[in-house]
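**Q** 3D, please:
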Amino acid sequence: MLTFIKELLTWWNRQTLGTRLQTIFFGKLVGEDSFGNKYYENKKRKKRWVIYNGEIEATKIPVEWYSWMHFIKNKIEIKILASRSK
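**A** Residues are numbered from 1 along each chain as shown. From the prediction side, this is the model:
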């Protein structure tokens, strides 16, 4: 119950209720990094977001995933596109 209240009222502890709902209804899991962060995009592939493992800290995003979040082509993006085309 305490976790639900923290999720409802605070944004600095992982994700808010709105982010959880958006992830459930519109999110598609793309991958996970070495820190345990999970990366999602919507079904139209126009929005991307991360659910942090633990406390939110933007410096915990590796370079490859940072560029993916900002729609810059890199090795991860190429691997994902290659796996989708198979």
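**Q** mind checking which helix or strand the residue nearest the centre of the chain is in?
**A** Taking CA atoms, centre = their mean, the centroid of the chain lies closest to Val50, which sits 2.2 Å from it. Assigned by DSSP states H and E, Val50 belongs to strand 48-51.
**Q** mind listing the strands in the protein by residue range?
**A** Per DSSP state E, the chain carries strands over the ranges 27-32, 38-42, 48-51.
**Q** quick one: strands adjacent to the shortest one?
**A** Yep, that's strand 48-51 we're talking about. strand 38-42 (antiparallel) (DSSP bridges).
**Q** Outside of the strand holding Val50 itself, list whatever touches it.
**A** Contacts to strand 48-51, defined as CB atoms under 8 Å, 6 or more residues apart in numbering, come from residues 14-15, 19, 22-23, 27, 30, 37-42, 61, 65, 68-69, 71. From N, CA and C alone the C-beta is placed, and that goes for glycine too.
**Q** ok, of the residues you listed, which come out buried?
**A** 14-15, 19, 22-23, 27, 30, 37-41, 61, 65, 68 (16 or more other CB atoms under 10 Å).
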